[in-house]
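Enquirer: take this sequence and fold it.
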Amino acid sequence: MCKLIDTALQFRAIGVPFIKLKGHTPLKKNWQYTPTHSIENIHTIFENWQRNIGLVLPEDIFVLDADPRNYPEGTN
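Expert: Predicted coordinates:
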């Protein structure tokens with residue numbers, strides 16, 4: 001199983017910044033302006049953080065999250 005820090009480092013490597021979440025809610029106000037964390041900062045952040053992260057995607061990227069659990073069986 002991939003650790004959360006590994007996932008954050010992978011996204012950091014391709015230039016996609018992340019934010020820390022509690023559930024689906026950003027922990028900081030103005031989260032849209034959170035810069036990409038340095039690799040050193042990522043290690044510090046995740047020493048005691050094993051919750052969700054969110055990705056700060058460019059405005060020209062569209063994400064659709066469809067959960068098959070929300071559809072009657074046989075319709076998806």
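Enquirer: buried residues in the worst-scoring helix or strand of the chain on mean pLDDT?
Expert: When the helices and strands of the chain are scored by mean pLDDT, DSSP states H and E, helix 39-45 comes last with a mean of 80. Buried positions in helix 39-45, judged by neighbour count with 16 or more other Cβ atoms under 10 Å: 42, 45. Just so you know, the C-beta spots here come from the backbone N, C-alpha and C atoms, and that holds for glycine as well.
Enquirer: and that helix, what does it pack against?
Expert: helix 4-13 (3 or more Cβ pairs under 8 Å, 6 or more residues apart in numbering; DSSP states H and E).
Enquirer: how distant is the helix it packs on from the center of its chain?
Expert: 9 Å (Cα atoms, centre = their mean, to the nearest Å).
Enquirer: what comes into contact with the following helix or strand past it?
Expert: With elements assigned by DSSP states H and E, the helix or strand that comes after helix 4-13 is strand 18-22. For strand 18-22, contacts defined as Cβ atoms under 8 Å, 6 or more residues apart in numbering pick out 8, 11-12, 26-28, 31, 34, 36-37, 45, 49, 51-56.
Enquirer: buried ones in strand 18-22?
Expert: Those would be 18-20, for strand 18-22 by 16+ other Cβ under 10 Å.
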